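> below: sequence and its predicted model.
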Amino acid sequence: MGLFSIFNRNRTNQQNGSVEKIPEIPEKVFIEKEAPAIERTGYEKLRTGINVLYEFLDRNYEGKGYDDALINPDATHLEQNISALKNDLERSIRKVKTFYEDWIREINFHISSRSRSGMIDTVEELTVKKEIAESHIKQVNDIEEQAKNNLGVGYGIIISYTRGFKNGLAAITHHQILK
């Protein structure tokens, strides 16, 4: 058998004309289905927290509202979905706040420990990370407060969803009546 004969699954033996079967190699030998869990540290951790909230805020709620109106063009459906969006926003805010509160506790421990060891540069780096985390918490608190007062980006998702829902209602009317 030649060096590259493995690539030919059914290979005819040149000398006696017989066909030899090469055993199948399972896919799991070469392909990893699940990515291994990676410990997030430093700046990766910081980006994870606030990004959870911004990813939620960046979704297309106008398209969702439009699609929902086509499925069920009822005003109570609109109100229920707006309530659900507000609850989802609140849950995302809590998740991000918890993440930063826990991370700041961890940073404080390291600041205290490294200070006792005289690691001035490390303590300064940790202090900067803590300040960044605190500024992110402030942003999250601002978004939360604005959403409660029907202002800002938190309320923007409600406006976007409502606009999409109303556009969906208009599309239904245009298609059924005005065509």
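Everything's here; your move. Just so you know, these numbers come straight off a predicted model, no measurement behind them.
> so, low pLDDT: which residues of this structure?
Where the chain drops to pLDDT under 70, the residues are 1-23, 25-47.
> where along it do the strands fall?
Ranges of strands within the chain are 10-12, 19-21, based on DSSP state E.
> so how far is the top helix by length along the chain off the chain centroid?
Secondary structure assigned by DSSP state H gives helix 75-116 as the longest helix of the chain. Offset of helix 75-116 from its chain centre (Cα atoms, centre = their mean, to the nearest Å): 14 Å.
> I'd like the numbering to begin with 37 instead of 1 from here.
In the new count, where the first residue is 37, that last one comes out as helix 111-152.
> that helix packs against which elements?
Contacts defined by 3 or more Cβ pairs under 8 Å, 6 or more residues apart in numbering; DSSP states H and E place helix 111-152 against helix 78-94, helix 97-107, helix 156-184, helix 188-209. C-beta: built from backbone N, CA, C; applies to glycine.
> in a markdown table, list these along with mean neighbour count and distance to Arg127.
Output for these, formatted as a markdown table (neighbours: other Cβ atoms under 10 Å; distance: least, Cβ to Cβ, whole Å):
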| stretch | mean neighbour count | distance to Arg127 |
| --- | --- | --- |
| helix 78-94 | 15 | 9 |
| helix 97-107 | 18 | 16 |
| helix 156-184 | 15 | 12 |
| helix 188-209 | 17 | 13 |
